[in-house]
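Undergrad: how does the following fold in three dimensions:
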Amino acid sequence: MTENQIQAGSSVESLCKKCKTVTDHHVVVMSGEKIAKVECKVCNARHAYVSPTAEPKVKKPATPRPKKAALASSKQAQALLEQWEKLVTPCAKPLSYSMERTFQIGDVIDHPTFGLGYVQKLMKPCTAEIQFKDAIRNMRCGMFK
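TA: As a prediction, this is how the structure comes out:
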């Protein structure tokens, strides 16, 4: 074995990630002919070997991705709006919304904040799934059987 051959247990200089300076390290793991992991003699931290002469890696800025989700969500919003219009339009007098009031599937309600809504589903306990113009919301309502 020659003098300059590095093996596990050898002493090398490496950039310590904890000390943030170049210090002496023990080689802990070798991957083929390369040093994989080292242990700092100063702080005893184990980390991947970083050459003391290595240039810091410069990250290139991320390229912006095309906005596909906005297009899909606008289609979903349009479909939701069309469905809401079909469900709410035939109703002459909507029920006023109250958390204590009980509703049936198919009722059209008038909410003070969200506007007109269509009761799609009744869920226990005391919750109704209501489709409004802009979104489907789970709203509290009175007890139902």
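
Undergrad: looking at this protein, which strand is longest?
TA: strand 21-31 (DSSP state E).

Undergrad: now the helix or strand just after it: how far from the chain's centre is it?
TA: Counting by DSSP states H and E, the next helix or strand C-terminal to strand 21-31 is strand 34-40. Here strand 34-40 is found 34 Å from its chain centre; the criterion is Cα atoms, centre = their mean, to the nearest Å.

Undergrad: same deal with stretch 50-59?
TA: Centroid separation between stretch 50-59 and its chain, computed with Cα atoms, centre = their mean, is 31 Å.

Undergrad: can you pull the buried residues of it?
TA: For stretch 50-59, a neighbour-count test (16 or more other Cβ atoms under 10 Å) marks V50 as buried. C-beta: built from backbone N, CA, C; applies to glycine.

Undergrad: I'd like the numbering to begin with 523 instead of 1 from here.
TA: Got it, the first residue is 523 from now on, which makes the last one we talked about stretch 572-581.

Undergrad: end to end on it, go ahead and measure it.
TA: Between the opening and closing residues of stretch 572-581 there is a gap of 17 Å (Cα to Cα, to the nearest Å).
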